[in-house]
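Asker: Fold the following, please.
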Amino acid sequence: MEYLNFRRRFFLAFFCILCYVQAVFGQNFNPLQDIVYYSVDSAILKDRDAKQLNLRDQQLFFVPSEIEKLKELRSINIMRNNLEEWNDAIFSLKDLENLNVKGNSLHEIPDGINTLKHLLSLDAADNSITYVTEDIGKLKKLKFLYLSGNNITKMPENIGNCTSLEVFDLGGNQMGSLPQSIAKLENLTTIYLGFNQLNELEPQWSKLEKLEILNIESNQIRNLPEDIGNLSRLKTLILNDNNLKTLPQSFTTLKNLELAILSNNGIAKMPDNLGGMIGLRTLILTGNPIAKGEQGRIIRELTNCKVYF
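Answerer: Below is the predicted model of the structure:
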C-alpha cells in the first residue's frame, strides 16, 4: 500500500510537471505582455500583429485560411478540436514558435512542417498519427516535441538533426525500435518512451550525457547497455514492466540517480557495490524474484535509500 501511494504521488507530480511545460510552451507565448485572441476574425479585426491565438475546445473541423493574414503569430493553441487534416495556411506563419494541436484526429506530421523554422515546441499528442515526415529533421530550433498517444511505428532517421531537442515524448505508440540517430540529440534532458514495443536500448544511448529523465516503462526491454553508467546526469530511471533479468555493473556508477523504478521485471540479483550510488533515494523492486538474503544485502548497501520489495 505504501508503494502504491508513492507511485500515485510520483506519477501525479511527473505529469503535472509535464503538463506545465506543455501549457507554457504549447499555449502561451508571453502571457504577461501579449494579448491572447480567441478567434481568427477578432485577431484580424483588432490587431494583425497579434502574437497569440487560442482556438482550443471550439469544435473546429478546420483552421480558417484567413489565419495566414496574422503574419506575426508566435503561438497557436488548437488543441481538442476535430481536425483531421492540416491547413496549409499554418505553414505560412514563418515566425511561429509554439504550435499545439494536441487531442485532434490528425493522421500525420506532414511535409511542409519544415517551413516553421523558428518552431520551439510542437505538441501533437493524442491524435491518430501514423506518419512523421522527414522534414521534421529540418526544425533546428525545436526544443520540445510531444507525440505521445498516437500510432507511430517509425520515426525518421533524420530526427537526429533536431539537435536543440531537450524534451521528447513518444510514449504510448507502436515503436519497436528507434533510429540510431537518437544518439545525436546531445541536448536531450528528458525522453519518455513508455508503453511501446521496444526490446532493447542500443549502445549509442550512452552518448546522451545530458539526459536526466529516462522513462521506458511497459516495453519488452531485455538488457541495458553495458555503458549505461555514461549517463552521468541521470536522476530518474523508469523501467518497470519490462523483461529485465540483470542490470550491468555500470548501473552502480550512476551517482546522480535519485529514483529508479524497476518493478515487475525478472531481476533476481542487483549488481554489486550498490553503496556507490550515493544519490539514490528511492528504489522500487516490487514484482521481482529477489530472495530475502539479497533483499537484506540491498538494504544494507543502500543506507540512505528507501527500497520497496
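Asker: Now the element after the helix or strand of the chain with the lowest mean pLDDT, going C-ward?
Answerer: Least confident element among the helices and strands of the chain, by mean pLDDT, DSSP states H and E: helix 2-27 (a mean of 45). Using DSSP states H and E, the next helix or strand after helix 2-27 towards the C-terminus is strand 36-37.
Asker: Show me how far stretch 235-248 is from its chain's centre.
Answerer: Between the centre of stretch 235-248 and the centre of its host chain there is 18 Å, according to CA atoms, centre = their mean, to the nearest Å.
Asker: actually stretch 291-308, not the one I typed
Answerer: In terms of CA atoms, centre = their mean, the centre of stretch 291-308 is set 31 Å apart from its chain centre.
Asker: One more: stretch 151-159?
Answerer: The chain centroid and the centroid of stretch 151-159 are separated by 14 Å, computed with CA atoms, centre = their mean.
Asker: and the closest residue to residue 289 other than its chain neighbours, what does it touch?
Answerer: Nearest residue to residue 289 in three dimensions, chain neighbours excluded: residue 268, at 5.0 Å (CB to CB, 6 or more residues apart in numbering). C-beta: built from backbone N, CA, C; applies to glycine. Applying CB atoms under 8 Å, 6 or more residues apart in numbering to residue 268 gives the contacts 245, 288-291, 294.
Asker: Compare those residues and tell me which has the most neighbours.
Answerer: In terms of neighbours by other CB atoms under 10 Å, the contacts of residue 268 top out with residue 288 at 21 neighbours.
Asker: what's the distance between that residue and residue 303?
Answerer: Taken as CB to CB, to the nearest Å, the spacing of residue 288 relative to residue 303 amounts to 21 Å.
Asker: hang on, isn't residue 95 packed against residue 76?
Answerer: No. Counting by CB atoms under 8 Å, residue 95 does not reach residue 76; the two are 11.3 Å apart.
Asker: Compare neighbour counts for these two and give me the winner.
Answerer: For residue 95 versus residue 76, the count of surrounding residues by other CB under 10 Å is larger for residue 76: 26 against 13.
Asker: Got phi/psi on the closest residue to residue 96 other than its chain neighbours?
Answerer: The spatially closest residue to residue 96, leaving aside those adjacent along the chain, is residue 116, at 5.1 Å (CB to CB, 6+ apart). Residue 116 adopts backbone torsions of phi -90, psi 70, taken as degrees, to the nearest 10.
Asker: Could you do residue 132 as well?
Answerer: Backbone torsions of residue 132, given as degrees, to the nearest 10, read phi -120, psi 120.
Asker: Where does pLDDT dip in the stretch 101-250 of the chain?
Answerer: Counting by pLDDT under 70, the stretch 101-250 of the chain contains no low-confidence residues.
Asker: That one: strands as residue ranges?
Answerer: With DSSP state E, counting those that start in this stretch applied, the stretch 101-250 of the chain shows strands at 108-109, 121-123, 131-132, 144-146, 167-169, 190-192, 213-215, 236-238, listed in chain order.
Asker: check contacts around residue 228.
Answerer: Under the criterion of CB under 8 Å, 6+ apart, the neighbours of residue 228 are 201, 205-206, 248, 250-251, 254.
Asker: how does it look with 10 Å?
Answerer: For residue 228, the contact set (CB atoms under 10 Å, 6 or more residues apart in numbering) comprises 201, 203, 205-206, 214, 234, 237, 247-251, 253-254.
Asker: Next, give me the two most distant ones among those residues.
Answerer: Spatial extent of these (CB to CB) is set by the pair 214 and 249 at 18.4 Å.
Asker: More neighbours: these two, which one.
Answerer: Using other CB under 10 Å as the criterion, residue 214 and residue 249 rank with residue 214 on top: 22 against 13.
Asker: can you pull the contacts of the closest residue to the more buried one other than its chain neighbours?
Answerer: Nearest non-adjacent residue to residue 214, counting by CB to CB, 6+ apart: residue 237, 5.4 Å away. Residues near residue 237 by CB under 10 Å, 6+ apart: 211, 213-216, 224, 228, 231, 251, 254, 257-262, 280.
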